[in-house]
Every structure is written in C-alpha cells, then in structure tokens.
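In: no FASTA, just this:
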C-alpha cells in the first residue's frame, strides 16, 4: 500500500500531535493550500495530497468507473488515513472535497475529530423541491463545453508539477503525452461527478462536529446552501467571511486561518 | 492609461485581487458597447454567464493566484446587449506600489471560433463515425463467424448425408451405389496407369433355406454378421460392399489373379470358421475376376459372376477365378 503515498502524491509537513488533512477541490491540486497550510504547520502535522487524476497524482491509477462517484474519491482519503494509521483527524476540504470528507466521516466517524468545509455544497443543481443549488443543468453543460474548448489549458495546467519530477526526457515526453490524452477526460469526469452530485440525503448522518466556512458573496455556492447544510448537519457551525469568490483560503488567507484556529481552539 | 494602450487593437482590462475591474481600454468598451462607468468598479463576473463564471472561478482564479499567469483561456463575455462574444484571454499578475493587479488582454475570436466549432463538430462526427465503423466491423465479424459455423454445420450434415446414401442400412457397410463408383474409379485408374485390380463376388450358400428355416430376422442378422467378417478380412485399401440380397462384393486394388484367389479362399475359410449361433453353420461361394485390357465394368462383373456360378457348381464353399474357367 506504499503506492497510496505515490498515487496521491502525499506530502507531510509540520509538527504537532494532531493531524490536519487538507483536501483540494475540483480543478485544483494541493498547491491551493500554500497560503494557509504553513501557518497550521507550526502547530499541527499537515498532510497534503492530490486526488487520483489531479495534480501530480499517479494518473495511471485513475479509473473512470471508480471515480464516477464521490465514493471513489472518498476511498482515496480513507486509503491515506489507513496507510498512515491516522487518528483524531481534522479534515479541511474545499468545495466538493467537503462532501468527500463528509462521506469519509460517515463511513468511518472514528477516524475524525472535526470537519472543516470551505465553500461546501451537497448539490449544485437547483431542485424542484425549492432547494437552491445555484445552477441549472444548462449552466453545467455550458461549463463542460467551455472546458472542452479549453482542453489544452486544462492539460498544461496540471502538467508542470509532473514535469519537475523527471530528468529523463523520454519519461517526460511520456508524461506529457499522458497529460494531453488523459487529463481533459479526467477533468471533465471530475467536473461531471462534482456538479451533478447530490449528497443531500447523507448530510444528516454526519456525527463529526463540522465548521462551514462560506464567502458572503460566493460566486459558485449561494448562501442558501451554507444555511441548508448548517440546518441539516447534526453538530455544525456556519461562519461567513465577508468576501466575494469561492476561494477564501486564497483570497483571504489570514481571515480564513483565524476562523479555523478559533474553531479548533474552542 | 497609456494612449497607445487605450487604442490598442485588443481589449485590455485590469482587475484587482478580488476580481473588481479597475481599468478598461477604449477598444474593449467599443467592441462591447459599454461605457467606462458600466464596468469600472464592477466585478469581472458581471461580464459572465453562469457557465463562464464557473470556468472563471474554478480555473482562472486559482490559476492566476497560484501561478501568476493564465494563457489562452477561451471565455465568453456578455456585451451591452447581453449577447455572448467569444474571447481568448491572457492574464498576468502585476504588483505596483504594494498593490496587486491582474492585467487581462482579450482578443475576439469571432471567425476563429467558427473554425474551431467547425473543427470540433467534424472531430465529433469523425469520432462517431469511427465508433460506428468499429461497431459495424464487430457486427460483420460476428456475422462472418456465424456463417463459418453454419458452413461447418452444413458440411457435417452433408458428409453425413453422403455417408448415409453410400451405406447399406442393414449391414452398415457400403452399398451397391458406392461399390459402382469405386469400381469406375478402379477402371479409370487401370486405363490411366495400368494398375491391376480384382473383384470378388461372394454369395451365401443356401441362404433361401436360412430365411425359410429361421425367418427373415435371423437372415438379416446373418447378412450383417457376414458383412462384418468381410469388412474385417478386407485390407485397408479393399472395398467390401453389399451388392444386393445375399450377394457381396470386394474390390481388391493392386491385386492380380493369384493374390485374388488367395483372398477368396481366405474368405471361404474365415466364414466357415466363424461361429454361427443362429444357423449352426454357414458357408459362402466366391467368384473372382481380374480386370484385363478387354474388360469393362459390365464384363468384369459378368466374369466374376460366371466364376461364382462355377463355385456353386463345384459344390459350394469354394472359390473360383474366372481365369481358371
């Protein structure tokens, strides 16, 4: 199972008795945590990783069928936890990763101490029952079409991380090829599993205490979604950051760090 | 803003860290039908439809912040009339006086996008055609396999039919039809390559009596048993067949007069020696003939028949060769 560390490009840093797992969201990789992770590394052991198919993970381990639901991604998280024999975990997930962490915490509540969800949404599509997810089917289709038009960008976006790894030009070439051919497909499949997901039914099953952080003017997730989650989670706190966007840990790293630290200190 | 930049042949928009528009050049305003005050101070999002907003936030925003630049992002922006205008956008983060700005250069893709969409459509069609081709090929292969299987079945059925039509039902050895075919073959071979061959006609002695005494059922058993003896006695290349009634024939390829006589006598002995539980005992008379230049299909049969007649005349249970007459 040493493969897990390589497969998910697991990086460990920092000192501390308790462990924080940072889990990136759709279209990103672990580098998105660079503005807040170092602060936490002063007091916690930090684990960063890339989901299979993202960032500098082992692309060859990606299987369309396995990762066609969030359960596949949840397994990545559980694999890392079990491989490293982690306990009392603080899980910080951005966007769709909040839901992946939620599923892991429902599956193995004993592994987790707290969940911290940044810009979470259990369902991105609006529902006829009055649920406001923020998107219509046609919006998602527009995104998928745009992604297709931007394929090269999606591929090269993740490529440089892998390129640094190898001094062997032949291997680099192979990597480059694999990025060009697989990445757009994986990105598209990740987009589909993300934006067409609906895990509202799972929300009330979470026993682990949860902090929800949301931007006051989130461009992707409407404020109603944060309120929905806060209402349906058993043990949750909702913190609104006065900001626009979907990446408070990038745009307002200090404020985000403070909210998380305050929650953990309590 | 620099005069040249204001009039530059590309759109120029500068946004702050949060995505609010700080500056915009005249070219872009003219292209989109906006006035300065429509955009400055607004968030870049105000130019985007929901799908484009998603691309902006899930791709552009993290990328510009983590890597400092975004290149060749394809994005649709809404103009004053709400129409979607395709753009290619490059962006770079720029720090000035402790302030962070993101400069975006935009080039319209009006014609280019038509080409791209055309290419994309063609690519999709090709992919579909490719899949269809593969499916059709797989189907053809399947059909081919089925045909092959059917063909084998047919051939099996056919060879079964041929065997049935060449076999005597009662005794299980070849019938007269088959015998005649083989006889013709032997004659042809003789004429072509002078390969000698002989023919035996074997007739059961007093078979009528067997039938009359023990009934036809026993008669049939006797016929089958005799056929079996003949088959066993025949060498691999010999052809033993039922000629009709209680008459049997054996074609002996590569066999001259002397050898034919020996073969005929051996049959006499083997039949006599065999155990005939049904009738107590049984004998046969044999007539032999060897094909000569003067012979035809009819004459060799006639000759063998004459020799058989001689055997009968000589008291049965013996063999006569036509040449001895």
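Out: Structure's in. What do you need? These numbers come from a predicted model, not from an experiment.

In: what helix or strand does the residue nearest to residue A:62 when sequence neighbours are not counted sit in?
Out: In this structure, residue A:62 finds its nearest non-sequential neighbour in residue A:53, 4.0 Å apart by C-beta to C-beta, 6 or more residues apart in numbering or on different chains. (C-beta placed from N, C-alpha, C; glycine too.) When secondary structure is defined by DSSP states H and E, residue A:53 falls outside every helix and strand.

In: pretty sure residue A:53 contacts residue A:64?
Out: No: assessed by C-beta atoms under 8 Å, residue A:53 is found out of contact with residue A:64, at 9.4 Å.

In: residues contacting the closest residue to residue A:46 other than its chain neighbours?
Out: Among residues not flanking residue A:46 along the chain, residue A:14 sits closest, at 4.2 Å (C-beta to C-beta, 6+ apart). By C-beta atoms under 8 Å, 6 or more residues apart in numbering or on different chains, residue A:14 lies in contact with A:37, A:40-46.

In: at 10 Å what do you get?
Out: By C-beta atoms under 10 Å, 6 or more residues apart in numbering or on different chains, the contact list for residue A:14 reads A:20, A:37-47.

In: ok, now residue B:284?
Out: B:200-205, B:207, B:226, B:229-230, B:246-248, B:264, B:267-268, B:270-272, B:308, B:311, B:316-319.

In: now, the residues you listed that are in strands?
Out: Among the contacts of residue B:284, DSSP state E puts B:200-204, B:247-248, B:319 in strands.

In: relative to residue A:194, which of those is nearest.
Out: Among the ones in strands among the contacts of residue B:284, residue B:248 lies closest to residue A:194 (C-beta to C-beta), at 88.0 Å.

In: rewinding a little: and the residue nearest to residue A:46, what's its pLDDT?
Out: At residue A:14, the predicted lDDT confidence score is 93.

In: quick check: it vs residue A:20, distance?
Out: Using C-beta to C-beta, to the nearest Å, residue A:14 is found at 8 Å from residue A:20.

In: what touches both of those two?
Out: Listed as contacting both residue A:14 and residue A:20 by C-beta under 10 Å, 6+ apart are A:37, A:40-41, A:43-47.

In: out of those, which are buried?
Out: Buried by 16 or more other C-beta atoms under 10 Å in any protein chain shown: A:37, A:40-41, A:44-47, out of the shared contacts of residue A:14 and residue A:20.

In: which of those residues sits closest to chain B?
Out: Nearest to chain B out of those is residue A:37 (C-beta to the nearest C-beta; 12.8 Å).

In: quick one: secondary structure of the spatially closest residue to the closest one that is not a sequence neighbour?
Out: Closest residue in space to residue A:37, ignoring its immediate chain neighbours: residue A:46 at 5.5 Å, by C-beta to C-beta, 6+ apart. Classification of residue A:46 using DSSP: H, G, I helix; E, B strand; the rest coil returns strand.

In: so residue B:325 sits against residue B:314, correct?
Out: No: between residue B:325 and residue B:314 there is no contact under C-beta atoms under 10 Å: 11.1 Å.

In: next one: stretch B:57-65 to chain centre, how far?
Out: How far stretch B:57-65 lies from its chain's middle: 55 Å, per C-alpha atoms, centre = their mean, to the nearest Å.

In: would you mark the buried spots in stretch A:217-235?
Out: By neighbour count on 16+ other C-beta under 10 Å, the buried set for stretch A:217-235 is A:217-223, A:225-226, A:228-230, A:232-233.

In: now stretch A:54-70
Out: Buried residues in stretch A:54-70, counted by 16+ other C-beta under 10 Å: A:54-59, A:61-62, A:67, A:70.

In: narrow those residues to those in helices?
Out: Among those, the members falling in helices (DSSP state H) are residue A:70.

In: which of the buried residues of stretch A:54-70 sit farthest apart?
Out: Greatest spacing in the buried residues of stretch A:54-70, by C-beta to C-beta: A:56 and A:70 (21.3 Å).

In: in the chain, which spans are helices?
Out: No chain was given, so I picked chain A. All helices of chain A, identified by DSSP H, fall at A:3-7, A:37-41, A:70-84, A:96-107, A:137-149, A:151-165, A:169-195, A:223-232, A:248-251, A:253-265.

In: that was the other one, I meant chain B.
Out: Using DSSP H, the helices found in chain B span residues B:3-6, B:26-32, B:36-39, B:50-55, B:61-67, B:110-166, B:176-193, B:207-214, B:216-233, B:257-273, B:297-313.

In: quick check: which of these is nearest to residue A:134?
Out: helix B:50-55 (8.0 Å).

In: show the average pLDDT along stretch A:42-56.
Out: 93.

In: low-confidence stretches in chain B?
Out: For chain B, no stretch is flagged by pLDDT under 70.

In: remind me, longest strand of it?
Out: Every strand in chain B considered (DSSP E), the longest is strand B:84-96.

In: buried sites along that one?
Out: Buried residues in strand B:84-96, counting neighbours by 16+ other C-beta under 10 Å, are found at B:85-89, B:91.

In: how about stretch A:189-206?
Out: Buried-residue list, stretch A:189-206, by 16+ other C-beta under 10 Å: A:190-191, A:193-195, A:197, A:199-200, A:202-203, A:205-206.

In: the residue located most distally from the centre of chain B and chain A: what is the separation?
Out: Ranked by distance from the centre of chain B (C-alpha atoms, centre = their mean), the top residue is residue B:97, with 77.3 Å. According to C-beta to the nearest C-beta, to the nearest Å, residue B:97 and chain A sit 20 Å apart.

In: distance check, the closest residue to chain B within chain A against residue A:193.
Out: In chain A, the residue that lies nearest chain B is residue A:142 (2.6 Å; C-beta to the nearest C-beta). According to C-beta to C-beta, residue A:142 and residue A:193 sit 18 Å apart.

In: can you check residue B:216 too?
Out: Residue B:216 is 84 Å from residue A:193, by C-beta to C-beta.

In: hang on, the earlier thing: phi and psi next, for the residue nearest to residue A:46.
Out: In terms of degrees, to the nearest 10, the main-chain angles of residue A:14 are phi 80, psi 170.

In: now residue B:40
Out: phi -60, psi 130.

In: give me the neighbour count for it.
Out: As a burial measure, residue B:40 scores 15 neighbours (other C-beta atoms under 10 Å in any protein chain shown).

In: which residues does it contact?
Out: By C-beta under 10 Å, 6+ apart, the contact set of residue B:40 is B:13-14, B:20-24, B:34.

In: alright, I will stop here.
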